[in-house]
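Chemist: make a model of this:
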Amino acid sequence: MEGYAAGKPAASADAGLAVLVSELTGLVGELAGAGPAATSFDEIEQLVMVRGRELLRKVIQHVMDACAAAGPRLAGVADAAGMPRPRAERGHARTMISQVGPVVIERLAGVADAAGMPRPRAERGHARTMISQVGPVVIERMAYRAPGQLNLYPRDAVLNLPLRRYSWCLQRAVVEYVLAGAYEQARRFVAAATGVVIGKQQLEQITIEAAADAPGFYPALARGQGQEEPGLAAGPLLISADCKGVAMLPGACRRRGAKAPGQRVRNFEKRRGTGEKGHKRMAQLGCVFDAGLVPRTPEQVMGPGPGKQAPRALRRWYAVGIAADRAGTIRAVFDEAGRRDPRHDRTWVALIDGDNHQIEMIRAEAAARGVGLIILIDFIHVLEYLWKAAWCFHPPRDPAIEAWVTAQGLGILHGRAAQVTETIRQLAAERPPEPGSEHAKIIRKTLTYLDAKEPYLDYPRALASGWPIATGVIEGACRHLVQDRMGITGARWSLEGAQAILWLRAIRANGDLDAYWTWHIEQEHQRNHLSRYHGSLGLAA
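Modeler: Numbers count the residues shown, from 1 in each chain. Predicted coordinates for the structure are as follows:
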């Protein structure tokens, strides 16, 4: 099949098809013949993959050449009813109102750009090479031209060719591999699976471009599906938020006044000093989920032994951002919660770790939307404060520490947080720590924490209703959405690259990557092709 070298399409479609059939028959005969009878299955499989990949490339090339050979010159386009306009005709005009007044533009009733400028001449002999999963394919197409104007290629729009030379299928494979591991690892996987070698920088750019439509995906999905999702449980609607640090390249961290990364004055030549350290930027995560309710008693929660039942998180939906502030992530979480419960019929519960700024933002967002929200502090965080306080009142490694923490934890779960706080104050008064010591700081922090968070410790209601009282869902997301990919040893991220990876990983975790990719390609079709033509172009090339 001599005609399938790059830039040399086969002269005859029928002859090309015959050569394809002959090559396939020859490959099967070669492998099934007496000669390679002793060849192992592994060797046969590898040979089929390599030779078969080239054969499939030729099949795609044959289809492209056959379509190009049969493609007519576009003299006009179809109307809304599908009636063709086969003749090109001059004498048509359109008036454009410019900044200096009306301008009459004479045009050919045919292919015209978005500004209405016609392309009256069609020229064959233009080709473009696309890299598919099975190798390079040369696509012949007509150029529609006008003096002083950029060429238009309607066939590119018919085929929805990406701007990059890599096909959409190959780009989707790249995204899947990049989301799973490091760029170098993805490069090797792509080469092994497709035979196509793509550089690291190109992999990063493909991923960034693939995430270009992520911010508008869920708003568009909500508009297309209506509001309330059918079949959702009528129980509580739970939301949660947290953050996780990502190691960034110089200049990609958040600016904080004069001490922002890249703006700091170096005190030493070979070592960073106080106020000069820090190369991480916080990725903001949010989650909306339902729960399989499991009512429990405080004794069951604090009791020993495995097999304790806990509420299960269902239908989890994640949002994550690193370029914007956390307010944007919280708004996205409330948007999703509103989609699930537009009439606010369900009980909304926020599970958080106690960050005061986060609490204020969540309360403000709930108030702005008219949502009655119950805020619960993660009980694990409360226990950590109790453990630290216990070390201040007991000798090291004293078994009584665990019993004391259990007793105070039960008190808080039963709704007696004020009594627990008073108990700690009395112990501190009876055995006052040395002023300025670590124990004094711990006791002060514990008392301040319990006093401030008392309105958010309504564990009796939560346990009786079967709600979760820990932030395990969002803590797990910090690991499997952010840390597992972004925390690879030695990785340093640009802001654009980190945001792209996080958006796509969140969409994949939500189970929406297939839907997003279809929608992304539709948006690319509009941006790259349809937006270049005048009116609603019924393309055929």
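
Chemist: the stretch 201-350 of the chain: helices as residue ranges?
Modeler: Ranges of helices within the stretch 201-350 of the chain are 214-225, 298-302, 326-340, based on DSSP state H, counting those that start in this stretch.

Chemist: which residue ranges of the stretch 201-350 of the chain form strands?
Modeler: Counting by DSSP state E, counting those that start in this stretch, the stretch 201-350 of the chain has these strands, from start to end: 237-247, 280-292, 312-321, 348-352.

Chemist: ok, now the chain?
Modeler: 92-98, 101-107, 121-132, 135-145, 237-247, 280-292, 312-321, 348-352, 373-377 (DSSP state E).

Chemist: export only the CA atoms of the last one, formatted as PDB.
Modeler: Put plainly, it is strand 373-377. What follows is strand 373-377, C-alpha atoms only, in PDB (Å, rounded to 0.1, in the frame of the first residue of the first chain):
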ATOM      1  CA  LEU A 373     -27.500  24.500  58.900                       C
ATOM      2  CA  ILE A 374     -26.300  22.400  61.800                       C
ATOM      3  CA  ILE A 375     -22.500  22.500  62.300                       C
ATOM      4  CA  LEU A 376     -20.700  19.600  64.000                       C
ATOM      5  CA  ILE A 377     -17.100  19.600  65.000                       C
END
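
Chemist: from the chain's centroid, how far away is that strand?
Modeler: Between the centre of strand 373-377 and the centre of its host chain there is 28 Å, according to Cα atoms, centre = their mean, to the nearest Å.

Chemist: what's next to that strand, contact-wise?
Modeler: Among residues not part of strand 373-377, those counted as contacts by Cβ atoms under 8 Å, 6 or more residues apart in numbering are 347-354, 359, 362-363, 366, 453, 455-459, 461-462, 467, 469. The C-beta positions use only the backbone N, C-alpha and C, and glycine is treated the same way.

Chemist: now the angle from it to strand 237-247?
Modeler: 50 degrees (axes from the mean of the first three to the mean of the last three Cα atoms, to 10 degrees).

Chemist: any idea of the mean pLDDT in strand 373-377?
Modeler: What strand 373-377 shows for mean pLDDT is 97.

Chemist: strand partners of that strand, parallel vs antiparallel please.
Modeler: Taking DSSP bridges as the criterion, strand 373-377 forms sheet pairs with strand 348-352 (parallel).

Chemist: what about the contacts of strand 373-377, which are in helices?
Modeler: Of these, the ones assigned to helices by DSSP state H are 359, 362-363, 366, 453, 459, 461-462.

Chemist: below-threshold pLDDT in the stretch 401-541 of the chain: ranges please.
Modeler: Scanning the stretch 401-541 of the chain for pLDDT under 70 picks out the ranges 535-541.

Chemist: low-confidence stretches in the stretch 251-400 of the chain?
Modeler: Applying pLDDT under 70 to the stretch 251-400 of the chain picks out residues 255-278, 305-307.

Chemist: 80 instead?
Modeler: Applying pLDDT under 80 to the stretch 251-400 of the chain flags residues 254-278, 304-308.

Chemist: the stretch 1-150 of the chain too?
Modeler: Where the stretch 1-150 of the chain drops to pLDDT under 80, the residues are 1-16, 30-43, 69-110.

Chemist: export the helices of the stretch 201-350 of the chain to a markdown table and tack on distance to Ala403?
Modeler: As requested, the helices of the stretch 201-350 of the chain are exported to a markdown table (distance: least, Cβ to Cβ, whole Å):
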| stretch | distance to Ala403 |
| --- | --- |
| helix 214-225 | 49 |
| helix 298-302 | 11 |
| helix 326-340 | 39 |
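
Chemist: which of those is buried the deepest?
Modeler: Of these, the one with the most neighbours on average (mean count of other Cβ atoms under 10 Å) is helix 326-340, at a mean of 20.

Chemist: if we can go back for a sec, just flag the most distant two among the ones in helices among the contacts of strand 373-377.
Modeler: Farthest apart among the ones in helices among the contacts of strand 373-377 by Cβ to Cβ are Ala366 and Tyr459. That separation is 20.4 Å.

Chemist: residues near the nearest residue to Gly354 once chain neighbours are set aside, how many?
Modeler: Distances taken as Cβ to Cβ, 6 or more residues apart in numbering place Ile377 nearest to Gly354, at 5.1 Å, with adjacent residues excluded. Using other Cβ atoms under 10 Å, Ile377 has 27 other residues around it.

Chemist: do Gly199 as well
Modeler: For Gly199, the count of nearby residues is 10 (other Cβ under 10 Å).

Chemist: I'd say it and Glu184 touch.
Modeler: No: contact between Gly199 and Glu184 fails when scored by Cβ atoms under 8 Å: they sit 10.4 Å apart.

Chemist: for stretch 432-447, list the C-alpha coordinates in CSV.
Modeler: C-alpha atoms of stretch 432-447 as CSV (Å, rounded to 0.1, in the frame of the first residue of the first chain):
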residue,chain,number,x,y,z
PRO,A,432,-1.3,24.4,88.4
PRO,A,433,1.3,24.0,85.7
GLU,A,434,4.5,26.1,85.7
PRO,A,435,3.7,29.5,84.1
GLY,A,436,4.9,29.6,80.5
SER,A,437,5.4,25.8,80.4
GLU,A,438,4.2,23.6,77.6
HIS,A,439,1.5,22.1,79.9
ALA,A,440,0.2,25.6,80.6
LYS,A,441,-0.1,26.3,76.9
ILE,A,442,-1.9,23.0,76.2
ILE,A,443,-4.4,23.6,79.1
ARG,A,444,-5.1,27.1,77.9
LYS,A,445,-5.6,26.0,74.3
THR,A,446,-7.9,23.1,75.3
LEU,A,447,-10.1,25.3,77.5
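
Chemist: could you check how far Gln300 is from Gly466?
Modeler: For Gln300, the distance to Gly466 equals 12 Å [Cβ to Cβ, to the nearest Å].

Chemist: if we can go back for a sec, a markdown table for the strands of the chain, including distance to Gly195?
Modeler: A markdown table is the format used below for the strands of the chain (distance: least, Cβ to Cβ, whole Å):
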| stretch | distance to Gly195 |
| --- | --- |
| strand 92-98 | 49 |
| strand 101-107 | 46 |
| strand 121-132 | 10 |
| strand 135-145 | 7 |
| strand 237-247 | 33 |
| strand 280-292 | 35 |
| strand 312-321 | 34 |
| strand 348-352 | 48 |
| strand 373-377 | 53 |
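
Chemist: so which of these comes closest to Tyr177?
Modeler: Closest of the strands of the chain to Tyr177 is strand 121-132, at 15.5 Å (criterion: Cβ to Cβ).

Chemist: contact partners for Gly29?
Modeler: Contacts of Gly29 by Cβ under 8 Å, 6+ apart: none found.

Chemist: name the nearest residue to Gly135, ignoring sequence neighbours.
Modeler: Arg57 (3.9 Å).

Chemist: that neighbour contacts Val134, doesn't it?
Modeler: Yes: in terms of Cβ under 8 Å, Arg57 counts as a neighbour of Val134; the distance is 4.2 Å.

Chemist: more neighbours: these two, which one.
Modeler: Ranked by neighbour count (other Cβ under 10 Å), Arg57 and Val134 place Val134 first, with 22 against 18.

Chemist: picking up where we left off before, just the buried members of the contacts of strand 373-377?
Modeler: Among the contacts of strand 373-377, the ones that count as buried by 16 or more other Cβ atoms under 10 Å are 347-354, 359, 362, 366, 453, 456-459, 462, 467, 469.

Chemist: now do His439 against Pro433, distance only.
Modeler: His439 sits 4 Å away from Pro433, going by Cβ to Cβ.

Chemist: give me the common contacts of the two.
Modeler: Joint contacts of His439 and Pro433 (Cβ under 8 Å, 6+ apart) are Cys392.

Chemist: if I read this right, Gly292 contacts Arg312, doesn't it?
Modeler: Yes: between Gly292 and Arg312 a contact is recorded at 4.1 Å, counting by Cβ under 8 Å.

Chemist: out of everything not next to it in sequence, what's closest to Arg425?
Modeler: Arg425 sits nearest to Leu447 (Cβ to Cβ, 6+ apart), 6.5 Å away.
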